[in-house]
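>>> Any chance you could fold what I've pasted below:
(4 chains)
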Protein chains: 2
Amino acid sequence: MNSMMNIGAVERDTGLGKDTLRVWERRYGFPQPVRDANGERLYPDDQVDRLRLIKRLMDQGHRPGRLFAAGEDELLQLASAQPPARSACGPEDRAGATADILARLKAHDAQGLSQALKQAMLRQGLELFVLNTVAALNRAVGDAWMRGELAVFEEHLYAEQIKSLLRQAIGNLPAGADGRPRILLTTVPEERHVLGLLMAECLLSLDGATCISLGAQTPLADIAQAAAAHRADIVALSFSSAFPARLTGPLLAQLRAMLPPAVRLWAGGAGSQRLAAIDGVEALPTLEEALAALRAAN
Amino acid sequence: MNSMMNIGAVERDTGLGKDTLRVWERRYGFPQPVRDANGERLYPDDQVDRLRLIKRLMDQGHRPGRLFAAGEDELLQLASAQPPARSACGPEDRAGATADILARLKAHDAQGLSQALKQAMLRQGLELFVLNTVAALNRAVGDAWMRGELAVFEEHLYAEQIKSLLRQAIGNLPAGADGRPRILLTTVPEERHVLGLLMAECLLSLDGATCISLGAQTPLADIAQAAAAHRADIVALSFSSAFPARLTGPLLAQLRAMLPPAVRLWAGGAGSQRLAAIDGVEALPTLEEALAALRAAN
DNA sequence: TATTCATTTTGTCCTGGACAAATAGTTGAC
DNA sequence: GTCAACTATTTGTCCAGGACAAAATGAATA
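From the prediction side, this is the model:
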């Protein structure tokens, strides 16, 4: 039943490259997979679980050297520790809503979850719902996942329901015939997370902008082409906190060079927080800042 | 402006592994990237384009040996050739609708595209829309992309709009309080495409089933856990035509072993067409077959 | 307290070899 | 002529161990 994974499967599953896995084994002695008859690595499930945890901690800024030196319990302690509070953390909504939603998620009550989300949205209105409830839920789900309190499939269900709800909300907005500015939304090829993009699309559309979303993972050259084809005033990219910080700067600089100077380039999401300043690139780590920038533009 | 890509970027962009790229260079002499000062490969844009085309042709069943032996023109000819007609190809809808939609896509008329799709859906009803129009559009867009008539960003826009529309439609369906059977929908970790999943969710929900979607790329162990947690009667997986055929069999067998015998396992999508029979796994390559199976189950 | 410089850490890339699974081609029996 | 069994080729992925540049850290200085 729990057959072990080969290195390719672990790469896909954890997001850690084959080379990284091999070099960790060489340098730190972990992971230490079994070998099959052919001398190929086979990773037991518990080691893969631990790798997932380590990856998650690294995405939070921890360094592998420390993590491998630390014992099992110390790892779990780190995982439980709150990540440094975000600078601009919107007013928490009534704790009841998010707690109720989380409870339904853990109870595997798919329909109840869907209904609770829909109700929260209708009660608060789309803008507050996105800025408060969804943001708080994302944080809560992420933390719970890191503490091992939430299974992968539970996180998937949550993400799926939120995406569905936000897409529906966007679809039901009146299509402003020629709203300004025209904003092209997408992510770079290395960034798979779409949730931030959808949240931004909600808020920006609510404020009368025309949003054209390409979904996630558009090649840079195509982003530039699309900006021209759709006569975009702004290109907005979303970077999740899991995005490798080392790549953001070069990617943005490269894209900036491909775009006409008149087109503004926005970088949003937690991944754009600690971003070195680049000429002609605006970092908007929080949704509030993005909204403010939009209102200033009009 | 057209800076060259390193091997990691090409891997992410084309889906061809680093090892594959290197071994092709060694064996076939293509691609033949430039080297930077440090001896690392840098792939020019035109070679990356060609790699994308080759990947696409390979997904159709062609073998690399032939493709590399063939000249440029021969490649394009292959790309234009119609893939073998699908066995059960639903009645084409009035050619007008798809042609109009494709035209709007190529004209970069995002709003017009959205409206045309919505109108087509309302006119035909969800079931016919999915079975005919969406299926035909997918094929047309895939073919056009392969012939180089469609840019990546145009395909992204298309996919995004369809996903949005289908999600909306699903959201607006009455939530059958306790519809039977309960179907868990998702894809395996290696399969990123969600469109087939959404189409299936539409049709199955329309027929009164309770669908619980986990989105794409759920680890096998979590699929099994989720099936138990949500008391699913059926687990339905979607495999796109791009899915490496060599993986389907083993994956399904592995998952089958993790699930209680009473839970049925469905494999859908073009990737399940040429699938060797496995005990307890039902291959349903077309949506029509999936619908028929559902109706037979009730 | 800030800024510069040296040192360590860390991810990714390299070469060239190996092998198993899948595919194609060949032979022989019915 | 069709089908099955067998051999040869093709092809993707894995391995070892070395190398290097970019980033993070820590020390020394202004």
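>>> Break down the stretch 101-250 of chain A into its helices, ranges please.
Remark: helices assigned in the stretch 101-250 of chain A by DSSP state H, counting those that start in this stretch are A:110-124, A:126-128, A:135-146, A:152-172, A:195-206, A:220-229, A:245-258.
>>> Do I have it right that residue A:47 meets residue A:29?
No. With contact defined as C-beta atoms under 8 Å, residue A:47 does not reach residue A:29; the gap is 11.8 Å. Just so you know, the C-beta spots here come from the backbone N, C-alpha and C atoms, and that holds for glycine as well.
>>> Look at those two and report which has more neighbours.
The residue with more neighbours, out of residue A:47 and residue A:29, is residue A:47; 18 against 9, by other C-beta atoms under 10 Å in any protein chain shown.
>>> Residue A:191 and residue B:10: what is the separation?
17 Å (C-beta to C-beta, to the nearest Å).
>>> Equivalent analysis for residue A:289, please.
34 Å.
>>> near DNA strand D, which residues of the stretch 151-298 of chain A?
Applying C-beta under 7 Å from any atom of the strand, we find that the stretch 151-298 of chain A lies next to DNA strand D at A:245-246, A:249.
>>> of those, closest to residue A:232?
Nearest to residue A:232 out of those is residue A:249 (C-beta to C-beta; 22.2 Å).
>>> That closest one contacts residue A:277, correct?
No. The criterion here is C-beta under 8 Å, and residue A:249 misses it with residue A:277 at 9.6 Å.
>>> what about the two, which has more around it?
Between residue A:249 and residue A:277, residue A:249 has the larger neighbour count (other C-beta under 10 Å), namely 15 against 8.
>>> So what does the nearest residue to that one once chain neighbours are set aside have for phi and psi?
Spatially, and ignoring its direct neighbours in sequence, residue A:249 is nearest to residue A:276 (5.6 Å; C-beta to C-beta, 6 or more residues apart in numbering or on different chains). With angles defined as degrees, to the nearest 10, residue A:276 sits at phi -60, psi 140.
>>> what's the span of stretch A:263-282 from first residue to last?
End-to-end distance of stretch A:263-282 (C-alpha to C-alpha, to the nearest Å): 12 Å.
>>> ugh, typo on my part, it should be stretch A:163-182
Stretch A:163-182: ends 22 Å apart by C-alpha to C-alpha.
>>> how about the residues of the stretch 101-250 of chain A that lie near DNA strand C?
residue A:244.
>>> Run through the strands of the stretch 1-150 of chain A in chain order.
A:34-35, A:41-42 (DSSP state E, counting those that start in this stretch).
>>> The closest residue to DNA strand C within the stretch 151-298 of chain A - how many residues pack around it?
In the stretch 151-298 of chain A, the residue found nearest to DNA strand C is residue A:244; the distance is 6.4 Å by C-beta to the nearest atom of the strand. Residue A:244: 13 surrounding residues under other C-beta under 10 Å.
>>> ok, now which ones touch it?
By C-beta atoms under 8 Å, 6 or more residues apart in numbering or on different chains, residue A:244 lies in contact with residue A:190.
>>> And it, its phi and psi?
Residue torsions, per degrees, to the nearest 10, at residue A:244 are phi -60, psi 110.
>>> how far away is it from residue B:186?
To residue B:186, residue A:244 is 27 Å away according to C-beta to C-beta.
>>> helices or strands next to the lowest-mean-pLDDT helix or strand in chain A in the packing?
Sorting the helices and strands of chain A by mean pLDDT, DSSP states H and E puts helix A:72-80 at the bottom, at a mean of 72. On a contact count with 3 or more C-beta pairs under 8 Å, 6 or more residues apart in numbering or on different chains; DSSP states H and E, helix A:72-80 meets helix A:45-59.
>>> where does the stretch 151-298 of chain A have low pLDDT?
Scanning the stretch 151-298 of chain A for pLDDT under 70 picks out the ranges A:176-177, A:274, A:298.
>>> switch to 90 and redo it
Scanning the stretch 151-298 of chain A for pLDDT under 90 picks out A:152, A:171-180, A:188-193, A:217, A:219-221, A:240-258, A:269-283, A:285, A:296-298.
>>> and whichever residue of the stretch 51-200 of chain A sits closest to DNA strand C, how many residues sit next to it?
Using C-beta to the nearest atom of the strand, the single residue of the stretch 51-200 of chain A nearest to DNA strand C is residue A:65, 2.7 Å away. A count of nearby residues for residue A:65, using other C-beta under 10 Å, gives 10.
>>> And residue A:27, by the same measure?
Residue A:27, neighbours per other C-beta under 10 Å, totals 11.
>>> distance of it from residue A:67?
Taking C-beta to C-beta, one finds residue A:27 at 13 Å from residue A:67.
>>> again, but for residue A:147
Separation of residue A:147 from residue A:67 (C-beta to C-beta): 16 Å.
>>> just residue A:53 next, same as before
Residue A:53 is 9 Å from residue A:67, where distance means C-beta to C-beta.
>>> between the two, what contacts are shared?
Here residue A:53 and residue A:67 have residue A:75 as joint contacts, going by C-beta under 8 Å, 6+ apart.
>>> what sits against residue A:234?
A:181-184, A:263-266, A:297 are the contacts of residue A:234 under C-beta under 8 Å, 6+ apart.
>>> returning to that earlier point: tell me which of the helices of the stretch 101-250 of chain A sits most buried.
Of these, the one with the most neighbours on average (mean count of other C-beta atoms under 10 Å in any protein chain shown) is helix A:195-206, at a mean of 23.
>>> Give me the pLDDT value at residue A:145.
With respect to pLDDT, residue A:145 scores 82.
>>> Not counting its neighbours along the chain, what's nearest it?
Of all residues not flanking residue A:145 in the chain, residue A:155 sits nearest, at 5.4 Å (C-beta to C-beta, 6+ apart).
>>> how close does residue A:125 sit to DNA strand D?
Separation of residue A:125 from DNA strand D (C-beta to the nearest atom of the strand, to the nearest Å): 39 Å.
>>> Residue A:202 versus that residue, what's the distance?
Applying C-beta to C-beta to residue A:125 and residue A:202 gives a distance of 11 Å.
>>> what does residue A:210 give?
Going from residue A:210 to residue A:202 by C-beta to C-beta gives 14 Å.
>>> Count the residues that sit near the residue in chain A positioned nearest to DNA strand D.
Nearest to DNA strand D, among the residues of chain A, is residue A:8, at 2.9 Å (C-beta to the nearest atom of the strand). Using other C-beta under 10 Å, residue A:8 is surrounded by 15 other residues.
>>> That one reaches residue A:16, doesn't it?
No. Using C-beta under 8 Å, residue A:8 is not in contact with residue A:16; the gap is 11.7 Å.
>>> residues from the stretch 151-298 of chain A in reach of chain B?
Contact residues, the stretch 151-298 of chain A versus chain B (C-beta under 8 Å from any C-beta of the partner chain): A:151-153, A:156-157, A:159-160, A:163-165, A:167-168, A:170-172, A:175, A:177, A:186, A:189-190, A:210, A:212-215, A:218-219, A:221-223, A:225-226, A:229-230, A:254, A:257-258.
>>> next one: the stretch 1-150 of chain A
So far as C-beta under 8 Å from any C-beta goes, the stretch 1-150 of chain A lies against chain B at A:1-3, A:9, A:12-13, A:45, A:108, A:110-111, A:114-115.
>>> which two from these end up farthest apart in space?
Farthest pair in those, by C-beta to C-beta: A:3 and A:115, 38.2 Å.
>>> Can you give me the distance of the residue nearest to residue A:116 when sequence neighbours are not counted to residue B:225?
Closest residue in space to residue A:116, ignoring its immediate chain neighbours: residue A:101 at 5.0 Å, by C-beta to C-beta, 6+ apart. As judged by C-beta to C-beta, residue A:101 and residue B:225 stand 20 Å apart.
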